[in-house]
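>>> only geometry, no sequence info:
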């Protein structure tokens with residue numbers, strides 16, 4: 001099965017809170033636990049693998065510590081990450097939740113870097129190549145689109161040249177942008 005999309009590292013920093021900060025009316029969280037998990041397309045790949053599917057993920061992430069951690073989690077779960085493109089000009093999208101006594105206080109997002117068109121094109125080509133390889137070996141496709149500027153154009157060019165997989169599922173923030181794919185299932189976000 002091929003999963004193509006926006007890979008994210010989800011983080012939870014958890015602890016108790018018994019007092020407020022003197023610097024601002026904010027709780028002080030005494031960090032006791034940190035938990036990392038694949039998010040976005042990476043989460044979809046993990047869930048499919050947990051159900052027993054052979055899964056190859058095609059995505060673009062940074063050459064940063066968050067990208068290292070994301071690949072480690074995916075590989076440990078048995079997800080094929082040979083389709084993950086790493087680049088020093090992008091940042092691995094990370095969403096960190098600060099949790100005090102089981103209550104999320106705030107989420108801190110490290111969003112993707114906005115790329116110039118000249119920088120975007122080589123990454124789109126690389127993603128297209130890895131998506132083609134993943135599709136060539138798969139009977140099913142899952143697209144997980146969180147609004148990446150790389151995903152739609154690169155994938156569309158590849159898909160138009162490939163035989164259609166037996167099953168196509170799209171989970172997108174804007175499912176209308178995937179209408180051309182004629183998916184079998186759409187998951188409105």
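Happy to help now that I have it. Nothing here was measured: the structure is a model prediction, and the numbers come from that model.

>>> Packing partners of the longest helix seen in the chain?
In the chain, taking DSSP state H as the definition, the longest helix is helix 117-136. Counting by 3 or more C-beta pairs under 8 Å, 6 or more residues apart in numbering; DSSP states H and E, the packing neighbours recorded for helix 117-136 are strand 2-5, strand 56-62, strand 80-87, helix 151-159. Every C-beta, even on glycine, is put in place using the N, C-alpha and C of the backbone.

>>> do that again at 10 Å, thanks
strand 2-5, strand 56-62, strand 80-87, strand 140-145, helix 151-159 (3 or more C-beta pairs under 10 Å, 6 or more residues apart in numbering; DSSP states H and E).

>>> Ok, which of these comes nearest residue 72?
strand 80-87 (9.6 Å; C-beta to C-beta).

>>> Distance from the helix or strand of the chain with the lowest mean pLDDT to the middle of the chain?
Sorting the helices and strands of the chain by mean pLDDT, DSSP states H and E puts helix 151-159 at the bottom, at a mean of 74. When distances are taken as C-alpha atoms, centre = their mean, to the nearest Å, helix 151-159 is centred 16 Å away from the chain's centroid.

>>> quick one: it to strand 140-145, angle?
Orientation check (axes from the mean of the first three to the mean of the last three C-alpha atoms, to 10 degrees): helix 151-159 against strand 140-145 gives 160 degrees.

>>> Outside of helix 151-159 itself, list whatever touches it.
The contact list for helix 151-159 (C-beta atoms under 10 Å, 6 or more residues apart in numbering) reads 4-6, 41, 58-60, 85, 120-121, 123-136, 141, 143-145, 148, 165, 168, 172, 174, 177-178, 180-181.

>>> Of those, grab the buried ones for PyMOL.
In PyMOL syntax, the buried subset of the contacts of helix 151-159 is picked out as below (16 or more other C-beta atoms under 10 Å):
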select buried, resi 4+5+6+41+58+59+60+85+120+123+124+126+127+128+130+131+132+133+134+135+141+143+144+145+148+165+168+172+178+181
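
>>> Could you report the separation of residue 96 from residue 66?
In this view, residue 96 and residue 66 are 10 Å apart by C-beta to C-beta, to the nearest Å.

>>> quick one: contacts for residue 160?
Taking C-beta under 10 Å, 6+ apart as the criterion, residue 160 is in contact with 180, 181.

>>> one step back: out of the helices and strands packed on helix 117-136, indicate the one that is most buried.
Ranked by mean neighbour count, these are led by strand 2-5 with a mean of 29 (mean count of other C-beta atoms under 10 Å).

>>> any idea whether the residue in the chain sticking out farthest from the centre is helix, strand or coil?
Centroid-distance maximum for the chain: residue 22 at 37.3 Å, with C-alpha atoms, centre = their mean. Secondary structure, DSSP: H, G, I helix; E, B strand; the rest coil: residue 22 is coil.
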